[in-house]
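Novice: Give the three-dimensional model of this entry:
(one chain, ligands or ions: 2)
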Amino acid sequence: MKILVTGGAGFLGSHLCERLIDAGHDVVCLDNFFTGRKTNVGHLLGNPRFELVRHDVIDPFKIEVDQIYNLACPASPPHYQYNPIKTTKTSVMGAINCLGLAKRVKARVFQASTSEVYGDPEIHPQTEDYWGHVNPIGLRSCYDEGKRCAETLFFDYHRENGVDIRVIRIFNTYGPRMLANDGRVVSNFVVQALRGEDLTVYGEGTQTRSFCYVDDLVEGFIRFMNQTAVVGPMNLGNPGEFTMIELAELVIKKVGGASKITNKPLPADDPKQRRPDISLARQHLGWEPKIPLEEGIERTIAYFRKSL
Ligand code: NAD
Ligand code: UDP
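Specialist: Ligands and ions are numbered 1, 2, ... in the order given. Coordinates of the predicted model:
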């Protein structure tokens, strides 16, 4: 197949491009390099089945493809809050442009949505039928509401125009090729520990997240995209749930060294708990994560040891 990956030079996108190339597909990677890097896909550049295009998803694009994975959007709070209006435009216009293209060329189109659509959730763990608890006017809203609107567009194009959609809700995913200055918690802690700095735990550190290793997630992407039973939304993530204190202690133990924990103010609207219910993914994809947090953290530490 010929497959378009928007945001393909980013953390998740570059792993996905690699998997698709390995499976024998032609891949067009489209990115504006806001948080992505050419080096993330540098090893694919010599492959005649791989093409890298600098483009912003806010502007329409025309290309004959069989499948589209729409991943373009900054994902870490510091990056998506850097230019919040642009973040909303990226989600909304990016969705419209991908859906318009999919409609024209009859491609299947996949949206990388997020657990942030659940906001600061009042039900736990989160199931796909939960409508969420999102502040529409806060600092995280540009991302959360942008992604929610993108989901709306996907389902309206599906109902109105018969576009073949797949919508996945990704829970916190980590691994090699995250940016050292990405700002998300796993990369922050690993980089801080490797530099011998103290680990910055925001608030009391009792808030929880569930961390999925990138290879597990990408396997779920591909299984979901290539089945026809369900269009989503479907949660993908690792149901293991940890406090930020537990994560910090694990990273310090694995890196060794003298780093301690230091507390910083909790950002506004920071969700208190998060854990995916992955029953749907188990049932329809036969999928569940295989890589436990300890092992994933070791692999991530090994990556940053080499790349810092
Ligand atoms: P990332 O920041 O590494 O990747 C995003 C990519 O999109 C980058 O390459 C960036 O340059 C590109 N991009 C941003 N705005 C663009 C635009 N306007 N036009 C073209 N390209 C643009 O983040 P990631 O973790 O790889 O996230 C990928 C996708 O998955 C995002 O849509 C994100 O919202 C979603 N997601 C990720 C997680 C996670 O834990 N990693 C969780 C939930 C959802
Ligand atoms: N966090 C932290 N220290 C950091 C970065 C993040 O304690 O250096 C916390 C943050 O407040 C949140 C959790 O870790 O409660 C996950 O943050 P991240 O930005 O990785 O993802 P998100 O909040 O979008 O789930």
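
Novice: For the stretch 151-300 of the chain, which segments count as helices?
Specialist: 185-194, 214-225, 244-255, 279-285, 293-307 (DSSP state H, counting those that start in this stretch).

Novice: Quick check: which of those helices has the most neighbours on average?
Specialist: helix 185-194 (a mean of 22; mean count of other Cβ atoms under 10 Å). Every residue, glycine included, has its C-beta placed from N, CA and C.

Novice: can you state the direction angle for that helix and helix 293-307?
Specialist: Angle, helix 185-194 to helix 293-307, by axes from the mean of the first three to the mean of the last three Cα atoms, to 10 degrees: 60 degrees.

Novice: Help me see whether helix 185-194 makes contact with ligand 1, please.
Specialist: No. Against ligand 1, helix 185-194 shows no contacts by Cβ under 6 Å from any ligand atom, the least distance being 9.0 Å.

Novice: between that helix and helix 244-255, how many degrees?
Specialist: 40 degrees.

Novice: could the helices of the stretch 151-300 of the chain go into JSON lines alongside distance to residue 115 and mean pLDDT?
Specialist: Formatted as JSON lines, the helices of the stretch 151-300 of the chain follow (distance: least, Cβ to Cβ, whole Å; pLDDT from 0 to 100):
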{"stretch": "helix 185-194", "distance to residue 115": "14", "mean pLDDT": "98"}
{"stretch": "helix 214-225", "distance to residue 115": "12", "mean pLDDT": "98"}
{"stretch": "helix 244-255", "distance to residue 115": "16", "mean pLDDT": "98"}
{"stretch": "helix 279-285", "distance to residue 115": "13", "mean pLDDT": "98"}
{"stretch": "helix 293-307", "distance to residue 115": "17", "mean pLDDT": "97"}
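
Novice: for the ones you listed, which one sits closest to residue 130?
Specialist: Smallest distance to residue 130 across the helices of the stretch 151-300 of the chain (Cβ to Cβ): 12.5 Å, for helix 279-285.

Novice: pretty sure residue 264 contacts residue 200?
Specialist: Yes. Residue 264 is in contact with residue 200 according to Cβ atoms under 8 Å; the separation is 4.8 Å.

Novice: what about these two, which has more around it?
Specialist: residue 200 (16 against 11; other Cβ atoms under 10 Å).

Novice: of all the helices of the stretch 151-300 of the chain, which lies closest to residue 5?
Specialist: Short answer: helix 214-225, nearest of the helices of the stretch 151-300 of the chain by Cβ to Cβ, at 10.1 Å.

Novice: Check what pLDDT the residue of the stretch 1-150 of the chain found nearest ligand 2 gets.
Specialist: Nearest residue of the stretch 1-150 of the chain to ligand 2: residue 77, at 4.8 Å (Cβ to the nearest ligand atom). The per-residue pLDDT reported for residue 77 equals 95.

Novice: Likewise for residue 260?
Specialist: On the pLDDT scale, residue 260 gets 97.

Novice: Tell me who's in contact with it.
Specialist: 198, 199, 252 (Cβ atoms under 8 Å, 6 or more residues apart in numbering).

Novice: ok, now residue 274?
Specialist: Taking Cβ under 8 Å, 6+ apart as the test, what residue 274 contacts is 115, 118, 121, 126, 171, 172, 208, 209, 210, 241.

Novice: let's see 10 Å
Specialist: Each residue near residue 274 by Cβ atoms under 10 Å, 6 or more residues apart in numbering is listed here: 115-116, 118, 120-121, 124-126, 171-172, 207-210, 237, 241.

Novice: swap in residue 124?
Specialist: 118, 130, 208, 241, 272, 273, 274, 275, 277.

Novice: and with 8 Å instead?
Specialist: 273, 275.

Novice: Surely it is within a helix?
Specialist: No. Using DSSP: H, G, I helix; E, B strand; the rest coil, the assignment for residue 124 is coil, not a helix.

Novice: State the distance from it to residue 115.
Specialist: Residue 124 is 12 Å from residue 115, where distance means Cβ to Cβ, to the nearest Å.

Novice: tell me the contacts of residue 153?
Specialist: By Cβ under 8 Å, 6+ apart, the neighbours of residue 153 are 92, 95, 96, 99.

Novice: how much space is there between it and residue 96?
Specialist: Residue 153 is 6 Å from residue 96, by Cβ to Cβ.

Novice: cool, and residue 204?
Specialist: Counting by Cβ to Cβ - residue 204 and residue 96 are separated by 41 Å.

Novice: Neighbour count: the two, which is higher?
Specialist: The residue with more neighbours, out of residue 204 and residue 96, is residue 96; 17 against 11, by other Cβ under 10 Å.

Novice: how about the more buried one, phi and psi?
Specialist: phi -60, psi -40 (degrees, to the nearest 10).

Novice: now residue 24
Specialist: Dihedral angles (degrees, to the nearest 10) for residue 24: phi 100, psi 10.

Novice: Tell me the spacing between the nearest residue to residue 166 once chain neighbours are set aside and residue 80.
Specialist: Spatial nearest neighbour of residue 166, chain neighbours left out: residue 110 (4.4 Å); criterion: Cβ to Cβ, 6 or more residues apart in numbering. Look at residue 110 and residue 80: by Cβ to Cβ, they are 20 Å apart.
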